[in-house]
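Visitor: predicted model follows, preceded by the sequence.
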Amino acid sequence: MRITAVSYLNTLPFIYGIEQQAALSSSVAAGHAVPRVRETGMPLAGEDIALSLRVPSLCAADAIAGETDIALVPVAAIPLIPGFSVSSVRPGSPSDGFIPRIITDYCIGAEGPVDTVVLLSDTPLADVRRVYLDSHSRTSVQLVRVLAREHWRLAPEWVDSADCVSDAAPQGRPLEPGEAMVAIGDKVFGLKAGHHYAYCYDLAQEWHDFTGGLPFVFAAWVACSGAGLSFAPILNRALAYGVGHIAESVAGTVNRSRDFEFARAYRYLTKSIQFDLDDRKRQAMRLFWEKIITPG
């Protein structure tokens, strides 16, 4: 089973749950799993589960190209998966016949500030004229465009960047007057530590204010093949286990991009991130898709 997930701190509980499921599968199967490594260098979670950890844009690319069975897909990219219908935001069952669909009760979401998807600047928002975009995340790019157009009423110059940190603010140096940059993921902690930005706009909080209190979903689990759809109940149990063991996930997850300071990681995963994909988050996903598919 090929599973592609995001390689950030916010997925540690998911990865931990998948690892525990793989360990259980290996112990039940005859013999023991032999560790294997992809060309990317990421170890696999077990003999039955091939786990790849990628930046969000590459998770999306794998899902769109059909190169994985299940992926944690950034929400802006989900409608781009061939065969996916934006009206299908609830888990389906294998008996329905296969179409790509959201398959679990879990997501990467937030209600209020998320801390790791931000617009940073030393210029007041009303005076921002140029925004550097983070190419690692299609969702943050689309979200900041929606907020600029409909919430902040701004029309800045958008600068696509392969690495917005190095192009806009290498090693935390200040941006030029009138500039801002979108930053996502674990690097936000380092950017804030390296330079005290006068303005930090949390995009999940801005969405919450713009929509009158809706949460935001950054990524959801999608079945990209019939095999992935059949595996959905097992994955859902694995994710539930990980979300129920957050402290253990911080300390014990094997497949990770780097180590994290426990107190900060635990606080972030329990206070900033919401993992349950409930009805309000599904409503928020539909609204976001409407905003990016039919702007205005």
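Guide: Good, I have the coordinates. Residues are numbered from 1 along each chain as shown.
Visitor: which residue ranges form the helices in the protein?
Guide: Secondary structure of the chain (DSSP state H): helices at 12-28, 56-65, 138-146, 164-168, 187-194, 203-210, 226-230, 232-243, 246-252, 262-267, 279-293.
Visitor: nearest to Pro113, of these?
Guide: helix 203-210 (4.5 Å; CB to CB). In short, each C-beta sits where N, CA and C put it, glycine included.
Visitor: outside of the closest one itself, list whatever touches it.
Guide: Identification of contacts with helix 203-210 by CB atoms under 8 Å, 6 or more residues apart in numbering yields 110-114, 117-119, 140, 143-144, 147, 150-152, 182, 214-216, 218, 284, 288.
Visitor: re the thing from before, deepest of the helices of the chain, which one?
Guide: Per residue and on average, the most neighbours among these fall to helix 138-146, with a mean of 23 (mean count of other CB atoms under 10 Å).
Visitor: returning to what we had before: hey, least reliable of the helices of the chain by pLDDT?
Guide: Mean pLDDT values for the helices of the chain show the minimum at helix 164-168, a mean of 47.
Visitor: report the beta-bridge partners for the spatially most central residue of the chain.
Guide: What sits nearest the mean C-alpha location of the chain, by CA atoms, centre = their mean, is Ala219, with 4.3 Å. Beta-bridge partners of Ala219, counted by DSSP bridges, are Pro74, Ile108.
Visitor: doesn't Ala60 make contact with it?
Guide: No - using CB atoms under 8 Å, Ala219 is not in contact with Ala60; the gap is 9.1 Å.
Visitor: identify the contacts common to these two.
Guide: Common neighbours of Ala219 and Ala60 (CB under 8 Å, 6+ apart) are Val73, Pro74.
Visitor: burial of Val131, as a residue count?
Guide: 23 (other CB atoms under 10 Å).
Visitor: ok, it - contacts?
Guide: Val131 sits next to Leu119, Val144, Ala148, Pro156, Glu157, Trp158, Val159, Glu179, Ala180, Met181, Val182 when contact means CB under 8 Å, 6+ apart.
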